[in-house]
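In: sharing a sequence plus its predicted fold:
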Amino acid sequence: MGFFDRFRKKEQKEVLWTKCENCKSILYIPELKANLNVCPKCQHHFNVPAKERLEHLLENYELLFENIKPTDPLNFKDTKSYKDRLKQAQEQAGLSEAMLVAEGFLKDERVVLVVMDFGFIGGSMGSVVGERFYRACKHASQKEIPLIAVITSGGARMQEGILSLMQMAKTSIGVGYLKEKGIPYITLLTDPTTGGVSASFAFLGDIIIAEPKALIGFAGPRVIEQTIKQQLPEGFQTAEFLLQKGMVDMVVHRKDLKDTLHQLIKFTTYWRRHVEV
């Protein structure tokens, strides 16, 4: 290891402060993480890596479908090859893809949890993300346990072309397996949830939760304004705006999320345990 490599490594270890994207306050990173990555001054919800989400929500879990990994089916090249983009994203995020699937316990309830990571190429949906979600649905339906999806995405992954767009149909079919067996499917929409993901499995949940101030929609507000040549309402496409319009069922602060999900699972699985069909 050269001198500059040692210096960069030391410098990375000493980064202990960050600035809130909303109120611009300077925050001590260990305290921010202890507060579930929520600004203690303005309650802004920072983006959370998939692994941290998993650790926060599940206990005694096992990762599923990690053997399904992305390739470069179109040999896509732009300013950088797709293979290089994948390798860089895998190293930076510490993940094999933009989606983790796990089976474990949310308190005392066994669930299948799907978690997306915006740090992996913008949480974009390629063929592997679609396949992992589809298999998560089949796994949950076969075991007859609820599926929870924590979603953040910029949309379909352009480097895979039509193969990425096909995942909108595939993930929707996966949700169909859950519907056929009456298996609860709960979605949590976080900032941002956009594009092909929002137009497919994100809004197919039996119960749709959103985090405060999350940007949720198909196209971004700036694109819409430029297209329709009109100014959009204040707060357009925020979680609170969608709640007001009936597009989501509830907006839940991150500190209350685990308890809320647990209560919803208890409620939605009650009939299986206590009611004869």
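Out: Perfect, I can see it now. Numbers count the residues shown, from 1 in each chain.
In: residue boundaries of the helices in the stretch 151-277 of the chain?
Out: 162-181, 195-198, 221-228, 239-244, 254-268, 270-274 (DSSP state H, counting those that start in this stretch).
In: deepest-packed of those, please.
Out: helix 195-198 (a mean of 24; mean count of other Cβ atoms under 10 Å). C-beta here means a position set from N, CA and C on the backbone, and glycine is covered the same way.
In: one step back: switch the helices of the stretch 151-277 of the chain over to JSON lines; also include distance to residue 127.
Out: Below are the helices of the stretch 151-277 of the chain laid out as JSON lines (distance: least, Cβ to Cβ, whole Å):
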{"stretch": "helix 162-181", "distance to residue 127": "5"}
{"stretch": "helix 195-198", "distance to residue 127": "12"}
{"stretch": "helix 221-228", "distance to residue 127": "25"}
{"stretch": "helix 239-244", "distance to residue 127": "29"}
{"stretch": "helix 254-268", "distance to residue 127": "29"}
{"stretch": "helix 270-274", "distance to residue 127": "33"}
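In: which one, of those helices, ends up nearest to residue 26?
Out: Smallest distance to residue 26 across those (Cβ to Cβ): 20.8 Å, for helix 254-268.
In: report the rounded mean pLDDT for stretch 265-272.
Out: Taken as a whole, stretch 265-272 carries a mean pLDDT of 85.
In: meant to ask about stretch 147-165
Out: 96.
In: going forward, the N-terminal residue is numbered 2.
Out: Will do, 2 is the new start, and the previous item becomes stretch 148-166.
In: lowest average pLDDT across the helices of the stretch 152-278 of the chain?
Out: Across the helices of the stretch 152-278 of the chain, helix 271-275 gives the lowest mean pLDDT, at a mean of 70.
In: so where do the strands sit in this protein?
Out: 18-20, 27-29, 60-65, 100-107, 110-117, 148-154, 186-194, 208-211, 251-252 (DSSP state E).
In: which strands and helices sit next to the shortest one?
Out: In this case it means strand 251-252. Judged by 3 or more Cβ pairs under 8 Å, 6 or more residues apart in numbering; DSSP states H and E, the packing partners of strand 251-252 are strand 208-211, helix 240-245.
In: for residue 50, the count of nearby residues, please.
Out: Residue 50 is flanked by 18 other residues according to other Cβ atoms under 10 Å.
In: what does the one 3 residues further on give?
Out: For residue 53, the tally of surrounding residues (other Cβ under 10 Å) stands at 14.
In: circling back to that earlier point, ok, which of the helices and strands packed on strand 251-252 comes nearest residue 95?
Out: Taking the helices and strands packed on strand 251-252 one by one with Cβ to Cβ, strand 208-211 is closest: 26.2 Å.
In: who touches that closest one?
Out: With contacts defined as Cβ atoms under 8 Å, 6 or more residues apart in numbering, strand 208-211 is touched by 185, 187-191, 217, 240, 243-244, 248-253, 258, 261-262, 265, 269.
In: please apply the same query to stretch 134-145.
Out: 65-66, 69, 100, 102, 104, 113, 115, 147-148, 150, 168, 171-172, 174-176, 178-179, 181-182, 184, 186, 202, 273.
In: and the average pLDDT for it is what?
Out: Stretch 134-145 carries an average pLDDT of 98.
In: and what of stretch 27-42?
Out: Rounded mean pLDDT across stretch 27-42 is 95.
In: from the chain's centroid, how far away is that stretch?
Out: Average the C-alpha atoms of stretch 27-42, do the same for its chain, and the two points are 20 Å apart (Cα atoms, centre = their mean, to the nearest Å).
In: can you list the buried residues in that stretch?
Out: By neighbour count on 16 or more other Cβ atoms under 10 Å, the buried set for stretch 27-42 is 28, 33, 37, 38, 39, 40.
In: quick check, pLDDT for the nearest residue to residue 48 once chain neighbours are set aside.
Out: Spatial nearest neighbour of residue 48, chain neighbours left out: residue 119 (5.4 Å); criterion: Cβ to Cβ, 6 or more residues apart in numbering. Residue-level confidence at residue 119 comes out at 97, pLDDT.
In: thank you kindly, that will do.
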